[in-house]
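Student: Need a 3D model of the following:
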Amino acid sequence: MKVSKRRLDQCKKDGDYFERLFKTRVQSLGLTFKESSQQDDWYRHIDCYVDGYGVDVKGNRHLETIWLEITNVNGNKGWLRGEAYYVAMHIAELDKFSVYLREDLLNHIKNNTTEYTDDKRDYNKFYTRSKWGKKDILVKYSYEDIKYLEVKKI
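Tutor: Alright, predicted model coming up:
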């Protein structure tokens, strides 16, 4: 099962949109914004720097569906195990970026997730697509599950 060029192009377009939106909101608060290098983006999972702190920006999140990536589809470290200090997720229903310390999200998973599943409808379980030849490991939470970890809304 391969991702189509159209799907990849749409993901890139969406990612660029949410990164621009985040930049606008951060700068409106008087914070400094600097784009990351392609190397930082690809290998460290850092999209930008805000006041010197690395941030990974995520779009298309919803109150009932927030996917957190531990391992990516190629079996490499997912963004939750990257080097960003913060993760900023745009929650569609709130039209806000919910900002978290990346390590807090990772620790939440380590302390609250033990079971595995291949059913994408399950919450709070390690979701794998290994039976389809994929190497990714994700966990689906609702916003309510992780809201207590939020450090800021932008």
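
Student: in the sheet, who's paired with Ile137?
Tutor: Thr71, Thr128 (DSSP bridges).

Student: Just give me the neighbour total for it.
Tutor: By other Cβ atoms under 10 Å, the residues close to Ile137 number 21. In short, each C-beta sits where N, CA and C put it, glycine included.

Student: Wait, it touches Gly78, no?
Tutor: Yes. Assessed by Cβ atoms under 8 Å, Ile137 is found in contact with Gly78 at 7.2 Å.

Student: anything in contact with each of the two?
Tutor: Any residue near both Ile137 and Gly78 by Cβ atoms under 8 Å, 6 or more residues apart in numbering counts here, and that gives 69-71.

Student: could those be laid out in CSV, adding neighbour count?
Tutor: Converted to CSV, the shared contacts of Ile137 and Gly78 look like this (neighbours: other Cβ atoms under 10 Å):
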residue, neighbour count
Glu69, 18
Ile70, 19
Thr71, 18
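
Student: For stretch 28-45, give me every contacting residue.
Tutor: The contact list for stretch 28-45, computed with Cβ under 8 Å, 6+ apart, reads 23, 26-27, 46-52, 54, 56, 77-79, 82-84, 154.

Student: Out of the shared contacts of Ile137 and Gly78, the closest to Tyr17 would be?
Tutor: Tyr17 lies nearest to Glu69 out of these, by Cβ to Cβ, at 19.7 Å.

Student: What pairs with the helix or strand hosting Gly59, parallel or antiparallel?
Tutor: Taking DSSP states H and E as the criterion, Gly59 maps to strand 53-61. Sheet pairing here is set by DSSP bridges, and for strand 53-61 it gives strand 48-50 (antiparallel), strand 86-91 (parallel).

Student: Fine by me, thanks again.
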